[in-house]
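1. no FASTA, just this:
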């Protein structure tokens with residue numbers, strides 16, 4: 001769900017790709033759900049369970065690649081201006 005919402009915001013804001021909100025939600029949610037649905041239909045419930053475990057492992061490796069730039073950007077006064085995180089807030 002988080003990835004789906006992030007995809008919607010990226011499509012709308014960062015790459016300036018404007019489409020009707022219903023179509024955007026349909027595209028991003030279908031992209032998220034269709035692969036899982038196919039695996040469940042082809043392999044069954046045990047395959048879906050293995051897919052969940054595999055996706056959790058992959059996401060645990062990907063998290064630092066998203067989190068480190070995010071922390072760097074929110075601490076940058078050049079990027080965030082007066083809203084930049086300062087002082088001890090950086091470590092909380």
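-> Yep, it's here. Keep in mind that this is a model prediction, so the values were computed, not measured.
2. pLDDT-wise, which helix or strand of this protein ranks last?
-> The helix or strand of the chain with the lowest confidence, counting by mean pLDDT, DSSP states H and E, is helix 2-9 at a mean of 62.
3. which SSE is immediately downstream of that one?
-> Using DSSP states H and E, the helix or strand that follows helix 2-9 in sequence is helix 21-43.
4. just the buried positions in the longest helix seen in the chain, please.
-> Across the chain, the longest stretch assigned as helix under DSSP state H is helix 45-75. When burial is assessed from 16 or more other CB atoms under 10 Å, helix 45-75 yields no buried residues. All C-beta atoms are positioned from the backbone trio N, CA, C, and that covers glycine.
5. packing partners for it?
-> Contacts defined by 3 or more CB pairs under 8 Å, 6 or more residues apart in numbering; DSSP states H and E place helix 45-75 against helix 21-43, helix 77-80.
6. switch to 6 Å and redo it
-> helix 21-43 (3 or more CB pairs under 6 Å, 6 or more residues apart in numbering; DSSP states H and E).
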